[in-house]
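Peer 1: below: sequence and its predicted model.
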Amino acid sequence: MNIEDFIISPPKIKTEKWQIGNFINTEIIENSIVLLFVSDFRGAKGSGESQDFRKVRSQFYRLSHLEFETPICDLGDLISGNSTEDTQYILQEILSLCHYKNAIPVVIGGSNDLAFSLFSALNFHQKNINYTQINSKVELGNAEEAISEKNYLTKILSSKNLSVKNYHHLAYQKHLNPQESVNLIKEVEFDILRLAEMMNATEKGEPFFRRANLVTLNCDAVESFAESFSIRPQVNGLNRREICAYMQEIGLGENLKSVGIFNFNFEAENILNHQLLAQMIWYLVSGIDLEKSHPKERFFETFHVMVDEENYTFKRDTFKNLWYFGPDEKIENCLPCSALDYQTAKEGKMNDRLLNFLNN
């Protein structure tokens with residue numbers, strides 16, 4: 001497939017020598033970060049017409065490069081297909097090219113159902129995918145209907161051809177969801193975290209990004225301030241500082257392969273919205289670059305906690321100061337957790353998530 005037939009090259013943006021725009025590539029490079037902007041919002045009952053990404057690009061290109069060692073590529077703007085399914089297919093093919101070169105694609109724009117393409121493309125290259133989503137809603141529509149933001153998650157979780165190891169749903173809001181959807185996620189023993197548990201600090205949410213292969217963000221989960229930040233804005237959500245902190249945590253994930261940022265309101269006139277999205281991308285890039293610089297050899301301290309006459313084992317990465325739970329000598333067989341989980345255990349209270357991990 002000739003990707004030039006489906007992509008509009010990014011425009012020239014004047015930048016200074018120290019800014020990211022001065023270092024941007026336009027081709028997929030081995031072990032790089034690949035940005036791809038998408039206009040297709042038909043899965044959210046919007047249009048597939050071309051969006052104007054210049055404001056976001058200008059804001060991102062003019063941020064400091066900070067001598068990042070990871071190459072950054074801006075492929076350009078994906079031309080929407082004749083149908084949503086066409087866009088999904090073309091997107092999957094381009095993402096697959098990125099995975100062949102061990103590059104991390106970051107899809108920016110389009111409706112939330114495009115997460116299906118990110119999952120499908122990655123599923124072609126690896127199985128047992130760890131998928132973490134930040135989304136204020138848990139939508140589990142009919143998988144038999146045409147793909148949309150209402151049923152893409154059902155299609156991912158129910159498909160015999162897609163291999164889900166773990167699914168984590170973060171930042172859901174109780175008042176926006178039917179209780180049966182939340183209960184269903186819990187019944188199949190996937191993790192779900194309320195918005196209230198993610199506010200003010202990233203400690204509770206970070207463990208769900210640490211081993212994620214795919215992370216997607218529905219911008220509806222970010223609070224709107226000066227103007228609608230997303231196509232379905234919410235007054236409650238992660239604030240500006242919180243979402244940037246979480247974007248860096250996403251980038252720091254040790255197994256990250258693909259990222260999607262969906263439902264952004266590109267028609268917003270207030271430059272602060274475009275500035276925020278640009279800085280979210282910057283923090284993501286910063287996290288990815290920082291993770292690549294971390295030493296591969298790791299050392300752990302082991303801590304034992306007695307709760308109700310049961311001995312539980314916690315481990316701490318001495319370099320990253322990250323915590324794990326479980327007695328196994330191989331750290332990959334232990335569960336990512338937080339320092340708060342350890343402190344709570346010392347007080348005699350065990351997190352249900354940790355106990356379920358041992359029982360399984």
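Peer 2: Yes, it's here. Residues are numbered from 1 along each chain as shown.
Peer 1: can you name the farthest residue from the center of this protein?
Peer 2: The centre of the chain is farthest from one residue, residue 309, which by CA atoms, centre = their mean lies 39.1 Å away.
Peer 1: what's near enough to touch that one?
Peer 2: By CB atoms under 8 Å, 6 or more residues apart in numbering, no residues touch residue 309. (C-beta placed from N, C-alpha, C; glycine too.)
Peer 1: can you give me the buried ones in the host helix or strand of residue 356?
Peer 2: Using DSSP states H and E, residue 356 maps to helix 352-359. Going by neighbour count (16 or more other CB atoms under 10 Å), the buried part of helix 352-359 is 353, 354.
Peer 1: by contact count, what packs against that helix?
Peer 2: strand 335-337 (3 or more CB pairs under 8 Å, 6 or more residues apart in numbering; DSSP states H and E).
Peer 1: quick one: strands adjacent to the strand it packs on?
Peer 2: Paired with strand 335-337 in the same sheet, following DSSP bridges, are strand 323-325 (antiparallel).
Peer 1: returning to what we had before: how distant is the helix holding residue 356 from the center of its chain?
Peer 2: 24 Å (CA atoms, centre = their mean, to the nearest Å).
Peer 1: how about stretch 351-360?
Peer 2: 24 Å.
Peer 1: now swap in stretch 321-328 and tell me
Peer 2: 23 Å.
Peer 1: where along this structure do the helices fall?
Peer 2: 54-61, 84-100, 115-123, 152-158, 179-187, 207-210, 240-251, 271-293, 339-346, 352-359 (DSSP state H).
Peer 1: can I get the helix holding residue 356 as CSV, trimmed to CA atoms?
Peer 2: C-alpha atoms of helix 352-359 as CSV (Å, rounded to 0.1, in the frame of the first residue of the first chain):
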residue,chain,number,x,y,z
ASP,A,352,-9.4,-6.3,46.6
ARG,A,353,-7.5,-6.0,43.4
LEU,A,354,-4.4,-7.5,45.0
LEU,A,355,-6.4,-10.3,46.6
ASN,A,356,-8.1,-11.1,43.3
PHE,A,357,-4.6,-11.3,41.7
LEU,A,358,-3.5,-14.0,44.2
ASN,A,359,-6.7,-15.9,43.8
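Peer 1: which one of the helices of the chain lies closest to residue 39?
Peer 2: helix 84-100 (8.9 Å; CB to CB).
Peer 1: just checking, what packs against that closest one?
Peer 2: strand 33-38, strand 72-78, strand 104-108, helix 115-123, strand 258-262.
Peer 1: quick one: mean pLDDT for that helix?
Peer 2: The average pLDDT within helix 84-100 is 96.
Peer 1: so residue 68 makes contact with residue 287?
Peer 2: No: under the criterion of CB atoms under 8 Å, residue 68 makes no contact with residue 287, lying 10.9 Å away.
Peer 1: anything in contact with each of the two?
Peer 2: With CB under 8 Å, 6+ apart as the test, residue 68 and residue 287 reach no residue in common.
Peer 1: ok, back up a step: ranking the helices and strands packed on helix 84-100 by burial, who's on top?
Peer 2: Mean neighbour count (mean count of other CB atoms under 10 Å) peaks for strand 258-262 among the helices and strands packed on helix 84-100, with a mean of 26.
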